[in-house]
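A.B. asks: Just the structure for this:
(2 chains)
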Amino acid sequence: MSGIRGTASIVGAFEHPGRKLPDMSVMQLHAEVALGAVADAGLTLADVDGLFTGRDAPGVGGLSVADHLGLRPRYMDSTESGGASPLYHVGHAAAAIAAGKCSVALITLAGKARSGPMGGTPPPEDPFETVFGTRPPMASYALAARRHMYEFGTTSEQLAMVKAAASQHAQHNPNAFLRKVLTVEDVIESPLVADPLHRGDCCVVTDGGGAIVLVSRDVARDLPRRGVTLLGHGEAPRHSAGGKVDVTVSGAAYAAPRAYAEAGITAADVDYASIYDSFTIAVIEQIEDLGFCAKGEGGRFVEDGGLVAPSGRLPFNTDGGGLCNNHPSNRGGMMKIIEAVRQLRAEAHPAVQVPDCEIGVVSGVGGDLAARMRSAVLVLGREDAA
Amino acid sequence: MSPARVFEVVAAPALATPVPEIAPELAEFWTATTEGRFLVRRCAACGEAHWYPRMVCPFCHSTDTGWEDASGRGTVYTFSVVRRGAGDYAAAPYVLAYVELAEGPRMMTNIVDCDVESVRVGQEVEVVFHRASADAALPRFRPVTA
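C.D. replies: All right, here's what the predicted structure looks like:
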């Protein structure tokens, strides 16, 4: 099968009757049109598993809409193309439906060009979060770390072991921003920036960038370089859940099972993992959520060189990761994919190359671990996989 | 419903108090803060209180939600002493926290009126309002003294 012809139907449509709405926020408008459209379809918001929004939606990439409406979509897209955005969203939603990525897609558009301020409105959570000083990114991750320690006995030393492992890898990377091998003591003796996180628990701040090219298998066959096969993808938000927030769990807890199911693997099959490492606590939580150990066991998992390549339980971030190598634009996702490609092409540094590396997992975290974030998980295979 | 409790509204708090953007449908909430009253939003359909306040219940998606006066009491779910502030909060340290309200929801806030080193998970706290403008005060929390 190819194309979207006949794969999807528009079953609900709703135009808001208002034309001048000074007494309503933009997010409330998104909520009202969403409710109107699902009601027209004979569905409820609980049925929605795909969410498509443009720049008119307050917040980043639809996440605030998902949070506001209490949605947990397994597929989201926020392609921005001005006034034509909803048409893109229909096409992209149909492709997602055809691929089995979602089955009920909600596409919203709303705004207050007549009675609202120019330049859009801040997301509805701002007056309940940013006013309290949530802006420094480490503050949010510190809230997650504190709770993880309280519930599971995770220690600052265990967090520091994540950094120390990354630094073991970075020493072999001539381009790494931080090449110095760090000890656990180096990290916990660095200044506290937001208790319980130390400066050493944070990623580097760097300039730079990266890019990848993804092609069909037909195109791949005719190219000279070893390809890396995409085996699975899963994604999920983990938002504030109307106040039932659990800061010890990342969206990877929901995204990873989707990616593994599509790839036909389990965590036990994974040879190498690129794990988003803006802060050490993010790595601990993802290790658990990716199924490498039980929830709460992440701290113990990283002890005794558990993350150190090539012989640790789970060789991770062999370029040195965001913690030591590179975190350009304060976005680590691209670097995570690129190092997994190096591993699966057997082109990582010989000191950290995982022998016979066949299956790699890439886990990305976007947003903040305390209030709302989204996870995406990719399963990648060596050229001969699948 | 029990009579509304009224909490202190501090006119000139020491901690930075940024002015919140007031969504039109939340005007009643913010007006109440200036009077020392703490409102939470509860769904009549499923019975759950939620945070931050909104018109659509994030649990059952009913629009049958309304305000109620909250107890103002809660416990610290997690916190951080932020020592490297930014923007309005450049004057660190300050305590950023999630407080779990007696009504159930967890909300982002600050813990104030205590030594920043003394805050603990599970600590009992009570709301205090810090005036940000004529139209709004921020709900912060301070330890309950025995």
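A.B. asks: in stretch B:103-120, what counts as buried?
C.D. replies: For stretch B:103-120, a neighbour-count test (16 or more other CB atoms under 10 Å in any protein chain shown) marks B:103-113, B:116, B:119 as buried. (Glycine included, C-beta is placed from N, CA and C.)
A.B. asks: ok, and for stretch A:10-23, which residues are buried?
C.D. replies: A:12, A:14, A:21.
A.B. asks: cool, and stretch A:28-41?
C.D. replies: Judged by neighbour count (16+ other CB under 10 Å), stretch A:28-41 contains these buried residues: A:28-38, A:41.
A.B. asks: Quick check: mean pLDDT of stretch A:54-69?
C.D. replies: Stretch A:54-69 shows a mean pLDDT of 96.
A.B. asks: in it, what's buried?
C.D. replies: By 16+ other CB under 10 Å, the buried positions in stretch A:54-69 come out as A:54, A:56-59, A:61-69.
A.B. asks: Helices along chain B, start to end?
C.D. replies: Secondary structure of chain B (DSSP state H): helices located at B:27-34.
A.B. asks: What residue in it comes nearest to chain A?
C.D. replies: residue B:105 (2.5 Å; CB to the nearest CB).
A.B. asks: ok, that residue - contacts?
C.D. replies: Residues near residue B:105 by CB atoms under 8 Å, 6 or more residues apart in numbering or on different chains: A:242-244, B:40, B:49-51.
A.B. asks: one more time with 7 Å, if that's ok
C.D. replies: By CB atoms under 7 Å, 6 or more residues apart in numbering or on different chains, residue B:105 lies in contact with A:242-243, B:49-51.
A.B. asks: Neighbour-wise, which one of those leads?
C.D. replies: Using other CB atoms under 10 Å in any protein chain shown as the neighbour criterion, residue B:51 leads the contacts of residue B:105 with 27 neighbours.
A.B. asks: Can you pull the residues of the stretch 101-250 of chain A lying near chain B?
C.D. replies: Within the stretch 101-250 of chain A, the positions adjacent to chain B are A:122, A:124-129, A:131-136, A:139, A:142-143, A:146-147, A:150, A:192-195, A:242-243, A:245, A:247 by CB under 7 Å from any CB of the partner chain.
A.B. asks: Quick check: the nearest residue in space to residue A:155 that is not next to it in sequence vs residue A:222, distance?
C.D. replies: Leaving aside its chain neighbours, residue A:155 sits nearest to residue A:299 (6.3 Å; criterion: CB to CB, 6 or more residues apart in numbering or on different chains). Distance of residue A:299 to residue A:222, computed by CB to CB, to the nearest Å: 47 Å.
A.B. asks: and these two? which has more neighbours close in?
C.D. replies: Between residue A:299 and residue A:222, counted using other CB under 10 Å, the more crowded position is residue A:299 (24 against 7).
A.B. asks: Where does that one sit, in terms of helix or strand?
C.D. replies: Element membership for residue A:299 (DSSP states H and E) is helix A:298-301.
A.B. asks: Just the contacts of residue B:105: which are in strands?
C.D. replies: Members of these lying in strands (criterion: DSSP state E): B:49-50.
A.B. asks: ok, which pair from the contacts of residue B:105 is furthest apart?
C.D. replies: Farthest-apart pair in these is A:242 and B:49; separation 8.8 Å (CB to CB).
A.B. asks: re the thing from before, out of the buried residues of stretch A:28-41, which sit inside helices?
C.D. replies: A:28-38.
A.B. asks: Need these in CSV (columns: pLDDT).
C.D. replies: Shown next, in CSV, are those (pLDDT from 0 to 100):
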residue, pLDDT
A:28, 97
A:29, 97
A:30, 97
A:31, 98
A:32, 98
A:33, 98
A:34, 98
A:35, 98
A:36, 98
A:37, 98
A:38, 98
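A.B. asks: Name the spans of the chain whose pLDDT lies under the cut-off.
C.D. replies: You didn't pick a chain, so chain A it is. Residue ranges of chain A with pLDDT under 70: A:1, A:386.
A.B. asks: meant chain B actually
C.D. replies: Using pLDDT under 70, chain B drops low at B:1-3, B:146.
A.B. asks: who's in contact with residue A:11?
C.D. replies: Residues near residue A:11 by CB under 7 Å, 6+ apart: residue A:41.
A.B. asks: Near chain A, which residues of chain B? Just list them.
C.D. replies: By the rule CB under 7 Å from any CB, the part of chain B lying against chain A is B:18, B:20-25, B:50-52, B:54-56, B:58-59, B:61, B:77-87, B:89, B:94, B:96, B:98, B:104-110, B:121, B:138.
A.B. asks: Going through those residues, which ones are buried?
C.D. replies: For those, buried by 16+ other CB under 10 Å: B:18, B:20-23, B:25, B:50-52, B:54-56, B:58-59, B:61, B:77-85, B:89, B:94, B:96, B:98, B:104-110, B:121, B:138.
A.B. asks: Among those residues, which are located in strands?
C.D. replies: Counting by DSSP E, those place B:50, B:77-82, B:94, B:96, B:98, B:106-110, B:138 in strands.
A.B. asks: Would you point out the most distant pair within those?
C.D. replies: For those, the maximum inter-member distance is 28.2 Å, found between B:50 and B:81 (CB to CB).
A.B. asks: Any chance of JSON lines for the contacts of residue B:105, columns distance to residue A:310?
C.D. replies: Listed next are those as JSON lines, based on distance: CB to CB, whole Å:
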{"residue": "A:242", "distance to residue A:310": "44"}
{"residue": "A:243", "distance to residue A:310": "44"}
{"residue": "B:49", "distance to residue A:310": "51"}
{"residue": "B:50", "distance to residue A:310": "48"}
{"residue": "B:51", "distance to residue A:310": "47"}
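A.B. asks: Touching stretch A:222-237 from outside, list them.
C.D. replies: A:63, A:66, A:72-76, A:220, A:251, A:254-260, A:262-263, A:341, A:344-345, A:372, A:374-381, A:383, A:385-386.
A.B. asks: and residue B:126, how many neighbours?
C.D. replies: Per other CB under 10 Å, the neighbour tally for residue B:126 reads 20.
A.B. asks: That one touches residue B:141, doesn't it?
C.D. replies: Yes - counting by CB atoms under 7 Å, residue B:141 is a contact partner of residue B:126 at 6.4 Å.
A.B. asks: got a list of what the residue nearest to residue A:45 when sequence neighbours are not counted touches?
C.D. replies: Of all residues not flanking residue A:45 in the chain, residue B:61 sits nearest, at 4.3 Å (CB to CB, 6+ apart). Residues near residue B:61 by CB under 7 Å, 6+ apart: A:44-46, A:70.
A.B. asks: all strands of chain A, in order?
C.D. replies: All strands of chain A, identified by DSSP E, fall at A:50-53, A:75-77, A:105-108, A:192-194, A:197-198, A:229-238, A:272-275, A:359-367, A:373-381.
A.B. asks: between the ones you listed, which gets nearest to residue A:169?
C.D. replies: Closest among those, using CB to CB: strand A:272-275, at 11.5 Å.
A.B. asks: Give the buried residues for the closest one.
C.D. replies: So, applying 16+ other CB under 10 Å, buried residues of strand A:272-275: A:272-275.
A.B. asks: and these as JSON lines, adding distance to residue A:180?
C.D. replies: Below are these laid out as JSON lines (distance: CB to CB, whole Å):
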{"residue": "A:272", "distance to residue A:180": "24"}
{"residue": "A:273", "distance to residue A:180": "24"}
{"residue": "A:274", "distance to residue A:180": "22"}
{"residue": "A:275", "distance to residue A:180": "21"}
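A.B. asks: Appreciated, that's everything.
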